[in-house]
Structure formats: structure tokens, C-alpha cells
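# Fold the following for me, if possible:
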Amino acid sequence: MPSIRIALANVRPARDADHALEIVLETMVAAAKGGASIVCFPECFLPGYRTEPSVRQPSETWLNQAWAVVDEKAADLSICVILGTERVAKDGRKITARVTNPDGSSAGFQDKVQLDPSEEAVYISGRSRKIFHCGPLVFGVVICHEGWRYPETVRWAAHNGAHVVFHPHFEVVEATDYFPSGFADPTNSFHEKAALCRAAENTCYFATVNCALPGASTTSAVVDPDGVLITHQPYGEAGVLFADIRTEKATGRLAKRLRSFDVDDQDATLKRR
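Numbers count the residues shown, from 1 in each chain. Below is the predicted model:
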């Protein structure tokens, strides 16, 4: 089967929300010129990750107008877009990934279900998971903390047919003088090692995307269903990272072999005590 090219937007954080929209549109053009069928942006890139003090809360009107501009551009370029953003729901604001089809129509949202504790003062958690399609490519989205700390979110997507699970995230960098020597550096945090595991334990591709941040401990990367790194972006360097996905390799075999189990009544009684 032919491969499907994906693109990860390893972009620098924007000055403000309007600048973020400009970067999104420019990156969509670069991804399309590079032959990508789909491009994924970091967590909350539009308008910005709002636990950062410099990022202001956008109005619902501004978000809707910005999404409409992205949709129109997606249709012009015939490219699918996974946009890290936020949305206003009846019960509050949610971190989300908004998916635009190549014809410019909306495919819906994947809200962040498992929030990091530091986010709970600003956002509320989502409640459901969704599978998306881009031509023959089937994909899921898990957002930052949930992909690192809650592997069942990735397993759900692979179990339900996802060839690739996209993982938009954003790292709050406290010191800018750290540069890993290589991907999954043994002296680094567990996060990039977890990316290798998410792919191998589910027999799917795992595509993680961060902003280009000096001192960041993670970068954008694509891991194949054997848990082998295909490619990664140089740390702190802005650019579009491309990778070719072979859907026949992403069988989801290990994810689909997960068996349900019953809890032993006696054990459950002891735990309740």
C-alpha cells in the first residue's frame, strides 16, 4: 500500500493569538508543499497555552472566526488539520484538538480528558474519545498529559482502528540551558521514552508534537509500530517535520488483544475494607 505523509508543526510560540493564526496558516502552506495529507499543531497553539501568564483568554467569537479561516485555508490546500486550540462548552473552557477535513468541513473535536493538575484552575476536562479519518488514514488524538501518564487513552484509539495517534503537547520550560544529546536521552525525563512505549505496546504509529522551545526536554517525533524512532526534530529548532506512514504496518494487534477481566469478589471486599 502507498504511504501517507504526515506533518508535525514544530513551531515557535506566538507573540499573541493573531500571530498564532498567522503561523498556523503559513505552516499549513509549508506542510502542503511538502506533500503532507495532514498537519498537526502543538497543544493549545491557537490562541496559546493559557497557564502561561502572557496568554490572554480569547473570546468565543474570535475562536470561531479563526477556525473559519483555518477551514477555508484547509480547503484551498486540500489538507487535513489537527489544530491545538481551546473551545467554550456549556460547562466551561476545554483544551481540545479541532480536526478540519481536507474539504474544509469540521470533523469535530477531541477534548483533553485527563487534565494535568496545574490546568484545573483554567480548564475543565472532556468526557469522550473520538476516531477520525483522512482518506485511508485512521487516527486518534491524545493531548499532552494524558498521552504521557494515561496509556489507556492511546490504547483506546489503536483498539478502535487508529493507524497513528497524534500527541499535541506543550512543555512549560523553566530553564533554557538544557539540550538533550539525543532522543530519549537516558539522562532526560521519562517522556520521550514513553512515546516509544505508546507505539510499541499498541502496534501503531505515535506522532508527538511540541513547540520549538529552548531548553525543552521533548521535541516533535514519529515512532513506528515496533517502537522504533523514525524521525525527530532537532531540539529548539523551528520547522515542519515530515514522516511517511504505512497503514498496513499499523495493525493495532497488541492493543486489540487486551482482554477484559473480572475483579475477584474476595479481593474487592478486602480493598473496600
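# Tell me where the chain has strands.
For the chain, the strands defined by DSSP state E occupy 4-10, 38-40, 80-89, 92-100, 106-111, 132-134, 137-141, 164-168, 205-209, 221-223, 229-232, 239-245.
# next one: the third one to chain centre, how far?
Going by C-alpha atoms, centre = their mean, to the nearest Å, the spacing between the C-alpha centre of strand 80-89 and its chain's C-alpha centre is 11 Å.
# Give me the buried positions along that strand.
Buried positions in strand 80-89, judged by neighbour count with 16 or more other C-beta atoms under 10 Å: 80-87. Every residue, glycine included, has its C-beta placed from N, CA and C.
# Name the nearest residue to Ala14, sequence neighbours excluded.
Ala20 (3.6 Å; C-beta to C-beta, 6 or more residues apart in numbering).
# Between the two ends of stretch 204-224, how far is it?
7 Å (C-alpha to C-alpha, to the nearest Å).
# Please read the previous query as pertaining to stretch 138-155.
Note: stretch 138-155 ends 14 Å apart using C-alpha to C-alpha.
# Give the rounded mean pLDDT of that stretch.
Mean pLDDT, stretch 138-155: 97.
# Check which residues of that stretch are buried.
138-148, 151, 153-155.
# Then stretch 32-39?
Result for stretch 32-39 [16+ other C-beta under 10 Å]: buried residues 32, 36-39.
# Now do that stretch, average pLDDT.
98.
# any idea how far it is from the chain center?
With C-alpha atoms, centre = their mean, you get 17 Å for stretch 32-39.
# contact partners of that stretch?
4-9, 27-28, 31, 77-82, 102, 134-135, 137, 139, 240, 242 (C-beta atoms under 8 Å, 6 or more residues apart in numbering).
# Pull out the buried residues from the residues you listed.
Neighbour-count burial (16+ other C-beta under 10 Å) applied to the contacts of stretch 32-39 gives 4-9, 27-28, 31, 77, 79-82, 102, 134, 137, 139, 240, 242.
# And the closest residue to His159 other than its chain neighbours, how far from Thr51?
Leaving aside its sequence neighbours, His159 sits nearest to Ala255 (C-beta to C-beta, 6+ apart; 4.4 Å). Per C-beta to C-beta, to the nearest Å, Ala255 is found 31 Å from Thr51.
# pLDDT score assigned to Val228?
At Val228, pLDDT is 98.
# Would you enumerate the residues in contact with it?
Contacts of Val228 by C-beta under 8 Å, 6+ apart are Leu196.
# now Ala14
20, 22-23, 45, 48.
# Looking at those residues, spot the one nearest Thr187.
Nearest to Thr187 among the contacts of Ala14 is Phe45, at 28.5 Å by C-beta to C-beta.
# rewinding a little: go ahead and confirm the residue nearest to His159 touches Ala200.
No. With contact defined as C-beta atoms under 8 Å, Ala255 does not reach Ala200; the gap is 10.8 Å.
# pLDDT weak spots in the stretch 1-150 of the chain?
1, 52-53 (pLDDT under 70).
# show me where it has helices.
17-33, 60-77, 145-149 (DSSP state H, counting those that start in this stretch).
# Same list, the ones you listed, but as a markdown table with distance to Asp226 please.
Conversion of the helices of the stretch 1-150 of the chain to a markdown table gives the following (distance: least, C-beta to C-beta, whole Å):
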| stretch | distance to Asp226 |
| --- | --- |
| helix 17-33 | 26 |
| helix 60-77 | 32 |
| helix 145-149 | 19 |
